[in-house]
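In: here is the input, now give the coordinates:
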Amino acid sequence: MTSEMSTTSWAMLLALGAFHGINPGMGWLFAVALGMQERRRGAVLRALVPLALEGMAHGHEADGARTEMTDAAVTGACLLAADQLARLQVVLAGLELDPDRMRSNLMLTGGLITSEAVMLALGKTIGRQVTHEVVRDAAQTARFTGRDFADVLAEDPRVHAHLDAAAIVKLVDPHAHTGLSDQIAHDAAERARKAAVEARRR
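Out: Numbering: from 1, shown residues only. So this is what the prediction gives:
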C-alpha cells in the first residue's frame, strides 16, 4: 500500500511538473527535479515555499504568471500533504506505547542524557566555562567506567560544593524534565477527539 501510494504520488507530481514546467518561469519543474534528486518529499515542499511567496501579490499587481505559480505551489503542496497524511495513518494505526520500555530506554545512558540540565544548574554558580569542564569530565568518567552519571557528579568537589545529593539525583532524573509536555499532549488529544466527532457529524 505504501509503495503504491508513493508511485501514485510521484506520478501525479511528474504530471503536474510536466504541465507547469512548459513555462520555466513557473519554477515547478525545478521543485520536482530537486525532490527527485534528493528522493525526499520535504525537498519538494521546501522548493514550493519560495514559489508560493513569489506568486503572492496584491490583486491589482497580479498577472497570469503569478497566478500559475501560486496554483502550482498550492496544488503540489496539497498532493504531498495528502500522501504524508495517508502514510502517517498507516504508521499510527499500528503504534503501541510501552511505558516501561520507554523508561528503560531513557536510562540506557546512565543519566548522561540529562547532562544539559546539570550544566544549566551548575552554570548559575560556578560559571559557564568551569561548568562545561566539570560536566565533560564527569560524562567521560561515567561513559568509560560504566558508572552512573549522578554518582560521578556527587564525588566531584566542584559539584557537591553547590549541589547536594538530592539535587543531583533530581537533575539526572529524566522524569523531572518533561515540563508542560504532559499537559500539551492531553490537550492535543482532546482537540483531536473533538475534531473527529465533528468530522463524523458532517
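
In: tell me the domain boundaries of the protein?
Out: Here the chain is described, according to automatic domain parsing, as comprising the domains 2-93, 98-202.

In: going by mean pLDDT, which of those domains comes out lowest?
Out: Considering the domains of the chain one by one, the lowest average pLDDT is found for domain 2-93, at a mean of 65.

In: how far away is residue 162 from residue 137?
Out: With the distance defined as Cβ to Cβ, to the nearest Å, residue 162 ends up 16 Å from residue 137. Placement of C-beta: from N, CA and C, glycine included.

In: likewise for residue 170?
Out: As it turns out, when the distance is counted by Cβ to Cβ, residue 170 lies 21 Å from residue 137.

In: which one of these two is surrounded by more residues?
Out: A count of neighbours by other Cβ atoms under 10 Å puts residue 170 above the other of residue 170 and residue 137, at 17 against 14.

In: which of the helices or strands spans that one?
Out: For residue 170, the host element (DSSP states H and E) is helix 165-171.

In: and that helix, what does it pack against?
Out: When contacts are defined as 3 or more Cβ pairs under 8 Å, 6 or more residues apart in numbering; DSSP states H and E, helix 165-171 sits against helix 115-126, helix 149-155.

In: could you point out the helix or strand that follows the top helix by length along the chain?
Out: Identified as the longest helix of the chain according to DSSP state H is helix 64-93. Per DSSP H and E, the first helix or strand lying C-terminal to helix 64-93 is helix 99-106.

In: residue 160: neighbour count?
Out: Under the criterion other Cβ under 10 Å, the count of neighbours that residue 160 has is 14.

In: enumerate every residue touching the closest residue in space to it that isn't next to it in sequence.
Out: Of all residues beyond its chain neighbours, the one nearest residue 160 is residue 154 (5.8 Å), with distances taken as Cβ to Cβ, 6 or more residues apart in numbering. With contacts defined as Cβ atoms under 8 Å, 6 or more residues apart in numbering, the neighbours of residue 154 are 160, 165, 168.
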